[in-house]
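[1] structure for this input, please:
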Amino acid sequence: MRTAVLATWLLVVPAFAGATELEARLKEADTHLKAGRPSRALDLLSTLVSKHPESLEAHLRLQDVMVASGRGEELVAKYRERTESNKDNAEAVLLYARLLKGRRAVPQFKRVVKLAPEFVDGWLGYARALQHMDKGKDARRAIDSALKLNAASAGVQDAHGWLLESEGESVPAEAAYRMALTADADYLPSRFKLAHLLARTKRGKEALAELDAARKSAPGDPRVYVHRGLVLGTLGRHTEAVEALRLALKNSPQDKLLLLLLGQSYADLKEWELAEQSIHRTLEIDPTMAAAHAAAGYIALKQDKTAEAIRSFRHALKLEPKNSNHHYYLGLCYEQKGKARLATRSYRAAVKHSPKNVEYQLTLGDALDARNKRKEALATYRKATELAPEDVTIWTRYAHLCADAGRGKDAVKALQRAIDLDPEDLELVKQLGIFYEKGVGSTKLAVKAFRTYVEKGGKDERVRDWLKELGSPMEENE
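    Here you go, the predicted model:
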């Protein structure tokens, strides 16, 4: 009996020792990353994966570092082959799925959650893939499954916050990111997302404070400076953004994403030559980087080099044919060239690939209106009002389009909606009176609107004359 117990103990100790060594090495890799030594972290993680092929954590960390360095594509074939020989292994399928982009990832993550419904990482990956496919309701169900399994996880709360933010729910998204940081104060993804959310909601001081906390947690991690640069750019502090990105670039001079962001920041400062140099270096490193070709197009467009800009955006679209932003900017180029038909076609493509983007809808509507395609323009603007029902400007523009098209009643309804949203805008009230008189033919309602305009302090003296013409002059004591 003593021998049997001893034999069992001998089996357990090496496994425990291996686990301890693995954990220590993973922490060492994290230390290298936080100190700004990604190549050393990569070497260490590659060794760990070879030595411990059964360790999911080692594979995940290796993938993350490779993807962050722009080398994720190198892993796809390897993990696809690993999946094919382990078709019923949820971990193997997960490691392949998380390397895929777009539509290709969805069925793989679906396999993961079917194989192992208790696998939190599977539900998180499934949710992200579904959200990227604009399947918000399905993504929500996937996140709910992850929350039921482990709501205390920083990763789960981070994904929850990201989903909420993508749905326009900034307040609960902020709460989710803060819950993630309560669970793990060193969880940088949530720290970065929170900083960006705060910057977008005009809370710059708080946003930069979050990035200061990230820098204390990982003083050498170039991502800290990258996100600082992006946040400063959002805040309109472009000179400081350039400084932050240049600091990040010192540790990673061949980082194509950093070079791209630096070029875009120079463009924000209208430092066109420096912007072009940075983008040129990016394309030397990776001539297949669509975003860099698009950035080159943007820089050329801003300098009125329209033909050059068109070539760059066309190149970007060859690499990413479904990228709505490339289509949109190509449309702007064509419009600047006076090629209205081609511009409209590009705007249509932008709307097709991003139907919920209000700016694309409005630009398409204006392009259609300029070409006297009133019916389509009205339908496009109507869609914009549905996407942004609280936007006064959109309702006002839609009202004028309706009026120009001879649809007086629709014009009145749209303008009344704008007034309901901003009752203090007396110009809208004055315009409502004009619509009632000219578009609907209702003198009574026109008089009512004009009188409201005067009574509330409207300064346009013509309105008093109009009231006289309509037989309802304002008395002096009024």
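
[2] could you check the pLDDT of Val12?
    Confidence at Val12, expressed as pLDDT, is 40.

[3] let me know the secondary structure of Pro53.
    coil (DSSP: H, G, I helix; E, B strand; the rest coil).

[4] state the distance from it to Arg98.
    Using Cβ to Cβ, to the nearest Å, one obtains 17 Å as the distance from Pro53 to Arg98. Using the backbone N, CA and C atoms, a C-beta is placed for each residue, glycine as well.

[5] show me the helices in the stretch 201-350 of the chain, by range?
    Counting by DSSP state H, counting those that start in this stretch, residue ranges of the helices within the stretch 201-350 of the chain are 204-217, 222-234, 238-251, 256-268, 272-285, 290-302, 306-319, 324-336, 340-353.

[6] between Pro53 and Arg98, which one's more packed in?
    Between Pro53 and Arg98, Arg98 has the larger neighbour count (other Cβ atoms under 10 Å), namely 25 against 10.

[7] if you drop the residues flanking it in sequence, what lies closest to the more buried one?
    By the measure of Cβ to Cβ, 6 or more residues apart in numbering, the closest residue to Arg98 outside its immediate chain neighbours is Gly125, 5.4 Å from it.

[8] number of nearby residues for the one you found?
    One way to gauge burial is a neighbour count; for Gly125, by other Cβ under 10 Å, it gives 24.

[9] go on, the one 10 residues further on?
    By the other Cβ under 10 Å criterion, the neighbourhood of Lys135 contains 15 residues.

[10] residue ranges in the stretch 351-478 of the chain under the pLDDT threshold?
    474-478 (pLDDT under 70).

[11] from the centroid of this structure, which residue is nearest?
    Nearest to the mean C-alpha position of the chain, by Cα atoms, centre = their mean, lies Ser166 at 7.6 Å.

[12] roughly how far apart are Arg451 and Gly70?
    For Arg451, the distance to Gly70 - Cβ to Cβ - is 66 Å.

[13] neighbour count: these two, which is higher?
    Set side by side, Arg451 and Gly70 show more neighbours around Arg451, with 18 against 15, by other Cβ under 10 Å.

[14] dump the residue contacts of the residue nearest to the centre of the chain.
    Residues touching Ser166, when contacts are defined by Cβ atoms under 8 Å, 6 or more residues apart in numbering, comprise 131, 136.

[15] pLDDT score assigned to it?
    Looking at Ser166, its pLDDT reads 88.

[16] tell me how far it lies from Gln131.
    As for Ser166, its distance to Gln131 is 6 Å (criterion: Cβ to Cβ).

[17] lowest average confidence, helix or strand, in this protein?
    Within the chain, no helix or strand scores below helix 2-34, which has a mean of 60 by mean pLDDT, DSSP states H and E.

[18] packing partners of the one helix or strand Leu194 maps to?
    Element membership of Leu194, judged by DSSP states H and E, is helix 188-200. Packing partners of helix 188-200 (3 or more Cβ pairs under 8 Å, 6 or more residues apart in numbering; DSSP states H and E): helix 154-166, helix 170-183, helix 204-217, helix 222-234.
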